[in-house]
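Colleague: predicted model and sequence below, questions to follow.
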Amino acid sequence: MPDNSSPCRIATRGSALALAQANQVLDHCRAAFPERTFAIKVIKTTGDKLQTASLTSGQLAKGLFTKELETALLEGDADLAVHSLKDLPTELPAGLTLGAVLPRADVRDVLVYRHADSLGDRPGLTEPVRQDRRGFRPEMSIAALPHGAVVGTSSPRRAAQCQYLRPDLRSVPIRGNVGTRLRKLAEQSELDALLLAAAGLDRLGIRCLPGGLLQGEEVPGGLAASRLSLGEMLPCVGQGAIAIETRAQDPRVHELCTKLDHPETRACVTAERALLAAMGGGCAVPIAAWGEVIEGRLRLCGVSFLQGQPRRGELTGAIAEAAALGEALARDLR
C-alpha cells in the first residue's frame with residue numbers, strides 16, 4: 001500500500017504565474033484528498049536564469065522551463081511537478097509521465113497595447129500615457145494596427161501568424177515574466193503591442209475593465225487588451241492547460257492524478273501534442289493546434305509555417321483515437 005503519511009511535494013518554478021498555477025493544483029489536491037498533506041517546493045529553472053535569451057536564438061534548449069523540476073522528480077526530491085503544458089516537451093525523460101491535466105482555461109491569445117486616452121480620471125487609468133508612446137483606441141486587433149507597428153513576442157508561432165496576417169508588421173523578441181513584459185510595453189516607445197496568453201493573465205488576476213483597460217497587481221497604468229479570435233490566431237499546443245508531471249511508477253501519486261485528470265482536456269492536448277511530435281517540433285517552431293470536443297467527437301485544427309507559407313488542416317475523429325488523429329493531421333500539414 002502507498003505511504004500517505006509524508007507530505008506530497010509539489011515542484012514549481014518561482015514566477016508569479018507558476019506559483020498561481022501550483023496553488024491551483026494545491027487547491028485541487030486538498031479538495032480531492034483532505035486527509036493528506038501537501039507542500040509547494042520552488043525550484044529555479046534554466047529558463048528563469050536566461051531571461052535575456054531569445055527563444056529563436058538557438059541559445060535555449062528543449063526543456064528550458066522543465067529540466068530542473070524533472071530532476072527533482074527523478075531524484076525523489078519532489079512528487080509532482082506543475083507546468084504550463086505548452087512548456088512541457090512532447091518526449092519526457094525515462095521514468096516520468098504526464099500524470100494529469102487540469103480543466104483547460106481560455107486558449108486564446110491577447111493583444112496588449114497602450115490606451116490612447118490620456119485622461120487620468122478614467123477608471124483603472126492611474127497615469128497619463130506619455131506623448132512619445134503612441135496608444136490605440138479600445139478593441140484593437142492585429143488587422144487594425146497601424147502600418148509598420150512593432151509587436152513584442154518571443155513565440156515563433158505568434159510571430160509567423162502575425163506576419164501572415166500583416167506582412168508590414170515587425171515582430172521583436174521579448175523575454176521576462178508577464179509583469180516584466182507589461183512594464184516594457186508601458187515604458188518603451190519603440191514597442192506598440194504585445195501578444196500574451198489569455199490564460200496567463202486570468203490566472204494572475206489581471207482583468208479587463210469596460211473599454212478594455214487592464215487592471216491587476218502587476219499592470220502599469222494605461223494598458224488595454226483585446227482577446228483575439230481563434231480565426232486570427234491559433235494557440236500553441238497545450239495552451240491554457242496545466243500539466244502535472246510525475247514518476248511513472250508511483251502508486252501514491254497515481255491515485256492522486258486519477259482524481260485530478262480532466263478527460264476532455266486530456267484528449268484535446270493528446271491530439272495536439274501528437275501532431276507536434278510527428279512534426280518534429282517544440283515551442284520554438286511555428287506550429288499551432290487546437291483540439292475541442294464537439295458532441296462526443298474530437299475536432300483538431302492545425303497550422304504549420306515550417307515551409308514558409310502556412311499549411312492548414314482540420315480533422316475530426318473518435319476521442320479514444322486522439323493521438324492517431326494528431327499524427328494524421330501532421331501528415332496533412334507536412
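Modeller: It's in. Residues are numbered from 1 along each chain as shown.
Colleague: so where's the stretch 1-150 of the chain shaky on pLDDT?
Modeller: 1-4, 47-63, 118-132 (pLDDT under 70).
Colleague: tell me where it has helices.
Modeller: Remark: helices of the stretch 1-150 of the chain, listed N- to C-terminal, are 16-32, 46-49, 67-74; assignment by DSSP state H, counting those that start in this stretch.
Colleague: kindly report the same for the stretch 151-300 of the chain.
Modeller: For the stretch 151-300 of the chain, helices defined by DSSP H, counting those that start in this stretch occupy the ranges 156-165, 178-187, 198-203, 251-260, 263-278.
Colleague: these: which one's closest to Ala100?
Modeller: Nearest to Ala100 among those is helix 251-260; the distance by CB to CB comes to 4.0 Å. C-beta coordinates here come from the backbone N, C-alpha and C atoms, glycine included.
Colleague: helices or strands next to the closest one in the packing?
Modeller: Secondary structure elements in contact with helix 251-260, counted by 3 or more CB pairs under 8 Å, 6 or more residues apart in numbering; DSSP states H and E, are strand 8-12, helix 16-32, strand 96-101, strand 242-247.
Colleague: what angle sits between the longest one and helix 251-260?
Modeller: In terms of direction (axes from the mean of the first three to the mean of the last three CA atoms, to 10 degrees), helix 16-32 departs from helix 251-260 by 90 degrees.
Colleague: in helix 16-32, which residues are buried?
Modeller: Neighbour-count burial for helix 16-32, counted by 16 or more other CB atoms under 10 Å, picks out Ala16, Leu17, Ala18, Leu19, Ala20, Gln21, Ala22, Val25, Leu26, His28, Cys29.
Colleague: still on that earlier bit, okay, the helices and strands packed on helix 251-260 in JSON lines with distance to Ala198 next?
Modeller: Formatted as JSON lines, the entries for the helices and strands packed on helix 251-260 read as follows, by distance: least, CB to CB, whole Å:
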{"stretch": "strand 8-12", "distance to Ala198": "21"}
{"stretch": "helix 16-32", "distance to Ala198": "12"}
{"stretch": "strand 96-101", "distance to Ala198": "18"}
{"stretch": "strand 242-247", "distance to Ala198": "14"}
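Colleague: of all the ones you listed, which one is nearest Ala224?
Modeller: Smallest distance to Ala224 across these (CB to CB): 20.4 Å, for helix 16-32.
Colleague: packing partners of the closest one?
Modeller: If you count contacts as 3+ CB pairs under 8 Å, 6+ apart, helix 16-32 packs onto strand 8-12, strand 38-42, strand 80-84, helix 178-187, helix 198-203, strand 242-247, helix 251-260.
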